[in-house]
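Peer 1: No sequence on hand, only this structure:
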Ligand SMILES: [Zn+2]
């Protein structure tokens, strides 16, 4: 029998970061859900509470452990995306170290980050894993639900359980998303975008996603969930299918720039080269190539105007699985101008002259993403890695 404790599940003044947890057995999988990392995206919070309520009401028996954490609690109360800085852009080792050294942090999101990090660490010390991290979001534009992942094979395998589009490569365009940070410790981490911010359907989408994730992580058996088939069908009926996309471009809004997306774009909508997408200080912004528009910005706050996507072929996906399993990536180091970072096993340092002739695709094929320019060199970081403890 699983012990259930749900703090203020529905009655909600939400003063606790952990809005609910279920203790199964210590040596079984643990699902950790983040809801409301962006304060104006509360569909995930609502869905989490519904799931907790149904678990309690139906006395659903758990083998695994579940923890549901609120994200930006201050911003959730104020119904804003963030107060000082985007809480989903500050996750890196340097910030964590700096926060722990600094006693007088006055930045609202840094305080949230320190608390989330401490809670996460405590949870991971209590249970043995494997750990599955889910981060629930919504978008300002209308959208079919989709999954975002760092391109590791364990992330791919888990995201295959959902009949949804999967978007790779966001970490190459954004600094400091929470899940990219978690991935660096080898854990499975899926971002789920449930639909448009204030659409009630987004809540149902998040709920169906959570139930499926709990089953596929082997936290709970599907036979214990009343109406599990209904949740399966709900996701399958969303007109989506399991396909992979890759981000190929990000439009960054500069400080002081007046950016205005043209109205009516939907997520994943195909666009043609030179098609007018937006206006920047009254100048036209056009698509650089035939692609699909992704996360067009229809809200005040945010630095990403839009992204462009291209579809990834099955051939590429399968080739990359073979290349990674056979560990052919070691040969990359034999190329002149490419060498291993002696301080980090997962990083390749590449001379920019070489990188110019080698397509980024080659590195992607072998699972290297997150291209950083440091000390006049490119750093490519491998996404597949062994599980290690947090900092
Ligand atoms: Zn978000």
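Peer 2: Done, it's in. Quick caveat: nothing in here was measured; it's all calculated off a predicted structure. Numbers count the residues shown, from 1 in each chain.
Peer 1: and the stretch 101-250 of the chain, which of its residues are near the ion?
Peer 2: residue 137 (Cβ under 5 Å from the ion). No exception for glycine: its C-beta is placed from N, CA and C like everyone else's.
Peer 1: For the stretch 101-250 of the chain, which residue gets nearest to the ion?
Peer 2: residue 137 (3.4 Å; Cβ to the ion).
Peer 1: wait, that residue sits on residue 190?
Peer 2: No: here residue 137 lies out of contact with residue 190, judged by Cβ atoms under 8 Å, at a distance of 11.0 Å.
Peer 1: Following element in sequence after the longest helix belonging to the chain, please.
Peer 2: For the chain, the longest helix by residue count, based on DSSP state H, is helix 108-126. Downstream of helix 108-126, the next assigned helix or strand under DSSP states H and E is strand 131-139.
Peer 1: immediately after that following strand, which helix or strand?
Peer 2: Next in line after strand 131-139, if elements are assigned by DSSP H and E, sits strand 146-149.
Peer 1: Packing partners of the next helix-or-strand element following that following strand?
Peer 2: Counting by DSSP H and E, the element after strand 146-149 in chain order, helix or strand, is helix 153-159. Applying 3 or more Cβ pairs under 8 Å, 6 or more residues apart in numbering; DSSP states H and E, we find helix 153-159 packed against strand 146-149, strand 188-196, helix 314-325.
Peer 1: Off-centre distance for the first one?
Peer 2: Right, strand 146-149. With Cα atoms, centre = their mean, to the nearest Å as the basis, strand 146-149 stands 6 Å off its chain's centre.
Peer 1: What of the longest one?
Peer 2: Centroid displacement of helix 314-325 relative to its chain, using Cα atoms, centre = their mean, is 22 Å.
Peer 1: Identify the residues contacting it?
Peer 2: 153, 156, 244, 329, 364-367, 384 (Cβ atoms under 8 Å, 6 or more residues apart in numbering).
Peer 1: Please identify the buried residues of that helix?
Peer 2: Using 16 or more other Cβ atoms under 10 Å as the burial criterion, the residues of helix 314-325 that qualify are 320, 323-324.
Peer 1: any chance you could map the strands in the stretch 201-350 of the chain?
Peer 2: Assigned by DSSP state E, counting those that start in this stretch, the strands in the stretch 201-350 of the chain fall at 243-252, 259-261, 269-271, 276-280, 283-286, 291-294, 304-311, 338-341, 344-350.
Peer 1: OK, contacts around the residue positioned nearest the centre of the chain?
Peer 2: Residue closest to the average C-alpha location in the chain (Cα atoms, centre = their mean): residue 191, at 3.0 Å. By Cβ under 8 Å, 6+ apart, the contact list for residue 191 reads 134-135, 137, 147-149, 170, 177, 179.
Peer 1: show me what contacts the residue lying farthest from the centre of the chain?
Peer 2: With distances taken as Cα atoms, centre = their mean, the residue sitting farthest from the centre of the chain turns out to be residue 336, at 34.6 Å. For residue 336, the contact set (Cβ under 8 Å, 6+ apart) comprises residue 354.
Peer 1: measure it to the ion for me?
Peer 2: Using Cβ to the ion, to the nearest Å, we find residue 336 at a distance of 42 Å from the ion.
Peer 1: Need the per-residue pLDDT for that residue.
Peer 2: pLDDT, residue 336: 80.
Peer 1: which of the buried residues of helix 314-325 lies closest to residue 185?
Peer 2: residue 324 (18.7 Å; Cβ to Cβ).
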